[in-house]
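Colleague: The sequence isn't on hand, but the structure is:
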């Protein structure tokens, strides 16, 4: 089975707090990609990061960082010093190897509310 | 450079009717995928079109059909609408010629369909 689980439905923090969004995935494929997308109230999904299954190196981009651990099938996302503009729904997604055509399997999302 | 565009923005239909949603991919992209996002859920993959053919399909009934035109734009058709078809329908485009796995998909703003 291929599945993405985001156990945190909603998170509420105060500005400048650090926050980590959890993502656990399931796949039997050895080759796959993982993504994080942000969905602001406007509805459009905004790409944040892509990571392939052979690259477990953590990545930092400004206030954003990602921790990929194959041993625990997790791909967690941390926002440092959160800001009100970070308020959105965040989705983790799995792109399994599926016969040469990619499709995204999304988790249910985590709604992040950052309060001033 | 225009991103992914979708029309209409909102649509209200009654049960049993048929609906057509439209998508224009990002300039230079050749692959279009459709996703259904019910309220409070993550997007669910419907199908993907490449070279005017359906290449991959998610777990959706035959009431959901699509088409891709020579200019890469796409339509999603839903027949015999049910109340449960009410959702945000997202179109995503990508470029396949460099390989499919892990390709970043660019999403449009979606069409909000309400079935009464």
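Modeller: Perfect, I can see it now. Just so it is clear, the model here is predicted, and its values are computed rather than measured.
Colleague: C-alpha only now, for contacts and for neighbours.
Modeller: Noted.
Colleague: Just checking: what are the partner strands of the helix or strand of chain A with the lowest mean pLDDT?
Modeller: Least confident element among the helices and strands of chain A, by mean pLDDT, DSSP states H and E: strand A:59-61 (a mean of 85). Its sheet considered, strand A:59-61 pairs with strand A:64-69 (antiparallel) by DSSP bridges.
Colleague: Give me the buried positions along the strand it pairs with.
Modeller: A:64-69 (16 or more other Cα atoms under 10 Å in any protein chain shown).
Colleague: Stretch B:41-54 - what's its average pLDDT?
Modeller: Averaging pLDDT along stretch B:41-54 gives 94.
Colleague: So is it next to chain A?
Modeller: Yes: with Cα under 8 Å from any Cα of the partner chain as the criterion, chain A is reached by stretch B:41-54 at B:41-45, B:48.
Colleague: could you flag which of these are buried?
Modeller: B:42-45, B:48.
Colleague: Flag every residue of chain B that's near chain A.
Modeller: Residues of chain B lying near chain A (Cα under 8 Å from any Cα): B:33, B:40-45, B:48, B:55-56, B:99-110.
Colleague: how about the helices in chain A?
Modeller: Applying DSSP state H to chain A gives no helices.
Colleague: low pLDDT regions in it?
Modeller: A:98-100 (pLDDT under 70).
Colleague: Tell me the residues on it that lie near chain B, please.
Modeller: Close to chain B, as judged by Cα under 8 Å from any Cα, chain A has residues A:32-34, A:42-47, A:50, A:52, A:91, A:95-97, A:100-109.
Colleague: how does it look with 7 Å?
Modeller: A:33, A:43-45, A:95, A:97, A:100-109 (Cα under 7 Å from any Cα of the partner chain).
Colleague: Which ones among those map onto strands?
Modeller: A:33, A:95, A:105-106 (DSSP state E).
Colleague: is it possible to export the buried ones among the residues of stretch B:41-54 next to chain A to TSV including secondary structure?
Modeller: Formatted as TSV, these follow (DSSP: H, G, I helix; E, B strand; the rest coil):
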residue	secondary structure
B:42	coil
B:43	coil
B:44	strand
B:45	strand
B:48	strand
